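*Asks:* Provided below for reference: sequence and predicted model.
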Amino acid sequence: MEFLAVNLLQAGYPDQVVLREIRFELQAGQFLAVCGRNGSGKSTLLRALLKLLPHLKGKIYLAGRDVFQLKAREIAALTAYVPQVTEPVFDFSVEEMVSMARYFHQPIFFTRLSEADHEAVREALFLTETDHLRHKSFNHLSSGEKQRVLIARALAQDSPLILLDEPSSHLDLNFQLQVYQLLRRLQKEKGKTILVTEHNLNLCLPYCDRLMFLKNGKIVASGQPLEVVNKRVLQEVFDLEVELRENSSTGLPEISLIHHRERD
C-alpha cells in the first residue's frame, strides 16, 4: 500500500522553480533516501511535501489524501519533520521542545498534556539518548545534541511518516550510526515510513530500501541500492569519478573517492 504518492510535482519560489516533473511513490513501511549534490532540490522536496512553499503544482497524496486539501493539524497527524538544526526564538528547555510535538493531539492548542503525552516524550528522549538533557536549554546544546533533540521531537509526534533533512549532519561517527540504526528500528518495530535526505551514501546505503538521486531539480535515478549505486549514476549525479568495492559487513557497494595527486 502506498503511503506517499507524488505526481508531476513542480515546486520552488515565485522567481525560481527548483523541482520539476517529480514523480515517485513510497510504500507504507519503506525507507527511502534522497541523495544529490548541494542545490539539487533535496531540502526543497521535503518542504514541498509539507506544503511549506509558496510555489507548488502537481499532486501530493498522503495516505490517499490530497495534501493540498489538508489542514496543518491533519498533515502533522500523518507526517513528522526533522529539519536541519535550527535556533528557536525563545529559550525552551529540551523537554519543552520535545513536548511541542504532542500539542497537535490536543483538542485545543496549549492545553495540559496527558500522561500518554508525557510517556511519549519520555520514550522519545530515551530512544535518542537525550533524557539526561531534558532540563537543559536547547539553545545551549551542541549542534549534535540539538539534532538528536529534533529527532526526539519527531518521534514524540508519533506520525506514521518521518521526513528527515540530513539527519547525520553535525553528528560524530558514533551517533551517525546510532541515528540510522534507530531509524531502521522504528521502521521494523513500529512500522514507520521514513524519507531522509542524505549526503553520506556509505552511511545510508545499508539502512534504506530505496535510493532516489536528484540533479538540477529532477530525478535521474531511483531504485534499490544495488540497482542504482554504480559508477555511471554517481558520475552523472555528482560529476565525480569514484571507486566501488563491496563492504564486507553488508555486501553492498562502498564508495571511495579517487584522489589525483599533483606531481611536485
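*Replies:* In hand now; what should we look at?
*Asks:* I'd like to know the phi and psi angles of the nearest residue to L252 once chain neighbours are set aside, please.
*Replies:* Excluding its sequence neighbours, the residue lying closest to L252 (Cβ to Cβ, 6 or more residues apart in numbering) is L205, at 5.2 Å. Bear in mind the C-beta positions are built from the backbone N, C-alpha and C, glycine included. Reported as degrees, to the nearest 10, the phi and psi values for L205 are phi -50, psi -50.
*Asks:* Then E123?
*Replies:* The phi/psi pair for E123 (degrees, to the nearest 10) reads phi -60, psi -40.
*Asks:* Low-confidence regions, the chain specifically.
*Replies:* For the chain, the stretches with pLDDT under 70 are 87, 89, 105-111, 262-264.
*Asks:* How much space separates the closest residue to G191 other than its chain neighbours from V98?
*Replies:* Spatial nearest neighbour of G191, excluding adjacent residues (Cβ to Cβ, 6+ apart): G29 at 5.3 Å. As judged by Cβ to Cβ, to the nearest Å, G29 and V98 stand 24 Å apart.
*Asks:* right, and L53 touches Y13 too?
*Replies:* Yes: using Cβ atoms under 8 Å, L53 is in contact with Y13, at 7.0 Å.
*Asks:* Which residue of the two possesses the greater neighbour count?
*Replies:* Per other Cβ atoms under 10 Å, whichever of L53 and Y13 has more neighbours is L53, with 16 against 11.
*Asks:* which residues does that one contact?
*Replies:* For L53, the residues meeting the contact criterion (Cβ atoms under 8 Å, 6 or more residues apart in numbering) are A11, G12, Y13, T44, R47.
*Asks:* Same check on S99?
*Replies:* Counting by Cβ under 8 Å, 6+ apart, S99 touches L113, D117, H118, V121, A156.
*Asks:* Pull whichever helix in the chain runs longest out as CSV, backbone CA atoms only.
*Replies:* Assignment by DSSP state H gives helix 173-190 as the longest helix of the chain. What follows is helix 173-190, C-alpha atoms only, in CSV (Å, rounded to 0.1, in the frame of the first residue of the first chain):
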residue,chain,number,x,y,z
LEU,A,173,30.6,8.9,13.6
ASN,A,174,29.1,7.0,16.5
PHE,A,175,25.9,9.0,16.6
GLN,A,176,25.5,9.0,12.8
LEU,A,177,25.4,5.2,13.0
GLN,A,178,23.1,5.2,16.0
VAL,A,179,20.7,7.5,14.2
TYR,A,180,20.3,5.2,11.3
GLN,A,181,20.1,2.2,13.5
LEU,A,182,17.3,3.9,15.4
LEU,A,183,15.5,4.8,12.1
ARG,A,184,15.7,1.2,11.0
ARG,A,185,14.4,0.0,14.3
LEU,A,186,11.4,2.4,14.1
GLN,A,187,10.8,1.2,10.6
LYS,A,188,10.9,-2.5,11.5
GLU,A,189,9.4,-2.5,15.0
LYS,A,190,6.9,0.4,14.8
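*Asks:* Which helix or strand lies directly C-terminal to it?
*Replies:* Sequence-wise, the next helix or strand downstream of helix 173-190 (DSSP states H and E) is strand 193-197.
*Asks:* which SS class is P206?
*Replies:* Assigned with DSSP: H, G, I helix; E, B strand; the rest coil, P206 falls in the coil class.
*Asks:* Adjust the sequence numbering to begin at 345 for everything that follows.
*Replies:* Done: numbering now begins at 345, and the last item shifts to P550.
*Asks:* what are the ranges of the helices in the stretch 445-594 of the chain?
*Replies:* Secondary structure of the stretch 445-594 of the chain by DSSP state H, counting those that start in this stretch: the helices cover 459-471, 487-501, 517-534, 545-548, 569-572, 575-582.
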